[in-house]
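J.: output the structure for:
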Amino acid sequence: MNPPSIITTTLTALSFSTFASAQDAVPAVKLPPAPAPAVHPLLSKIALGSCITQDRPQPILRTVLAKQPELFIFLGDNIYGDSRDMKELEQKYAVQAAKPEFAALRATVPAIATWDDHDYGENDAGLEYPMKAESKEVFLKFWNEPDKSPRHEHPGIYTSYLFEDAAVGKRLQIIMLDTRTFRTPLAKNDGLSSWKNDYHPDPNPDNTFLGTEQWAWLKGQLKEKADLRIIGSSIQFGHQHNGWESWTNFPSEVRKMVELIKETQANGVMFISGDVHWAELSALKVDGCYPLYDLTASGLNNEWDILEENRNRVGDACMDHHFGMLDIDWAAEQPSVTMRVHDITGGNRLEHTVKLSDLTFDAVKEKE
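T.: Reported below is the predicted structural model:
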């Protein structure tokens, strides 16, 4: 989705010719956690967000720091690059790296990331984007991907992370999907369609968001032991179709995801997403599965002027600049995750708590 009314600024004060030179000009960054199979200490406080242009101020990130998260998850549109010229893409990353609020966040909080269309390189692009391999290299360099990361060994940028407290027997899995590299073209509205906005659902079973290799990898990930699984998708998963980019444009892929979760009996799955420039919590309810929550946090410094309908929405949406938070209470007799959205003041605009025991197939069986 293109952001409305992006404010551009003069970059003469930022004479960075390459990303590497820009790195030298900003504080050192906290290194990201190593991808699985490495295992890290358990996390309880995770911030997340997306849609942050390098050409605007970023005061919301000061509010993020005040919440003292243990990890920040960037869900895409982490810059607005939109170019097939990798030098230009690198320079836009360099501008982002030099932003004082962004640099302060990265120097304080470890970050992991996936991309959406604008940092992938082209608006609404998928597998047809010709520079995906080159863009991947720029992306991995910017986010300090470890040299031995599996991300370097396969097409696309999908990956996962593990966090565990073996003493209490609790494990968190974070799965970061790539919804760009392998995605087949969307079905565009032609002006005569009864569907609104840009795209309509395409039932063709050959459509794919993830591609064969990534789907097979995801199946293996869902078989891993975990009490809570956070699946990061740059685009929305659990909402009502609204004509913008989302999983709902490929109904067969939504069904495939649900059936895979059911087949693997993967407990504790919830989604986080971005892209649309507003915040909301969706709950997708299907037979034979626990509710699949999708916390959308999209608009760190971008906004949209129209809130689309969403029959799956839980609570209120937020149209102001915001970020998401996941607070996980592992120590309670019944561990839970609280999903929140905070605005620039730090105030709660959305809050919903769910017990991890309710995100299990045992809970489904009890209700049958």
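J.: all contacts plus neighbour counts: C-alpha atoms, from now on.
T.: Fine.
J.: quick one: least confident helix or strand in this protein?
T.: helix 19-23 (a mean of 39; mean pLDDT, DSSP states H and E).
J.: now do the strands in this structure.
T.: Applying DSSP state E to the chain gives strands spanning 39-41, 45-49, 71-74, 111-113, 159-165, 170-176, 228-233, 269-273, 280-284, 292-296, 322-329, 336-343, 348-355.
J.: how about the first one: buried residues?
T.: The neighbour-count check on strand 39-41 (16 or more other Cα atoms under 10 Å) flags 39, 40 as buried.
J.: pLDDT averaged over it, what's the number?
T.: Strand 39-41 shows a mean pLDDT of 98 in the predicted model.
J.: ok, now the fifth one?
T.: Mean pLDDT, strand 159-165: 98.
J.: how about that strand: buried residues?
T.: Buried, per 16+ other Cα under 10 Å, within strand 159-165: 159, 160, 161, 162, 163, 164.
J.: wait, doesn't the second one sit right on residue 151?
T.: Just to be clear, that refers to residue 160. No - the pair residue 160 / residue 151 is not scored as a contact, 9.6 Å apart, by Cα atoms under 8 Å.
J.: just the pLDDT at the residue nearest in space to the middle of the chain, thanks.
T.: Centroid-nearest residue in the chain: residue 75, 2.8 Å away (criterion: Cα atoms, centre = their mean). On the pLDDT scale, residue 75 is placed at 98.
J.: pull the contacting residues for it.
T.: For residue 75, the contacting residues are 48-51, 113-116, 232-234, 273-274, by Cα atoms under 8 Å, 6 or more residues apart in numbering.
J.: find the nearest non-adjacent residue to residue 267, please.
T.: residue 360 (4.6 Å; Cα to Cα, 6 or more residues apart in numbering).
J.: just give the number of residues close to that neighbour.
T.: Using other Cα atoms under 10 Å, the number of residues around residue 360 comes to 20.
J.: poorly predicted segments of the protein, please.
T.: 1-27, 192 (pLDDT under 70).
J.: now the helices for the stretch 1-150 of the chain?
T.: 19-23, 60-66, 86-98, 100-108, 117-120, 132-142 (DSSP state H, counting those that start in this stretch).
J.: adding distance to residue 174, write those helices out as a markdown table.
T.: Output for the helices of the stretch 1-150 of the chain, formatted as a markdown table (distance: least, Cα to Cα, whole Å):
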| stretch | distance to residue 174 |
| --- | --- |
| helix 19-23 | 27 |
| helix 60-66 | 20 |
| helix 86-98 | 24 |
| helix 100-108 | 19 |
| helix 117-120 | 21 |
| helix 132-142 | 18 |
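J.: those: which one's closest to residue 29?
T.: helix 100-108 (4.2 Å; Cα to Cα).
J.: contacts for the closest one, please.
T.: So helix 100-108 is contacted by 26, 27, 28, 29, 30, 58, 59, 61, 62, 65, 96, 97 (Cα under 8 Å, 6+ apart).
J.: let's go with 7 Å and repeat that
T.: 26, 27, 28, 29, 30, 58, 59, 61, 62, 65, 97 (Cα atoms under 7 Å, 6 or more residues apart in numbering).
J.: using JSON lines, lay out the helices of the stretch 1-150 of the chain together with mean neighbour count and distance to residue 338.
T.: Below are the helices of the stretch 1-150 of the chain laid out as JSON lines (neighbours: other Cα atoms under 10 Å; distance: least, Cα to Cα, whole Å):
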{"stretch": "helix 19-23", "mean neighbour count": "18", "distance to residue 338": "35"}
{"stretch": "helix 60-66", "mean neighbour count": "19", "distance to residue 338": "16"}
{"stretch": "helix 86-98", "mean neighbour count": "21", "distance to residue 338": "30"}
{"stretch": "helix 100-108", "mean neighbour count": "19", "distance to residue 338": "23"}
{"stretch": "helix 117-120", "mean neighbour count": "28", "distance to residue 338": "29"}
{"stretch": "helix 132-142", "mean neighbour count": "18", "distance to residue 338": "31"}
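J.: for residue 73, name its beta-bridge partners.
T.: For residue 73, the beta-bridge partners are residue 48, residue 112 (DSSP bridges).
J.: my error: substitute residue 170 in the last question.
T.: The partner residues for residue 170, given DSSP bridges, come to residue 165.
J.: please shift the residue numbers so they start at 852 in all later answers.
T.: With 852 as the first residue, the last one maps to residue 1021.
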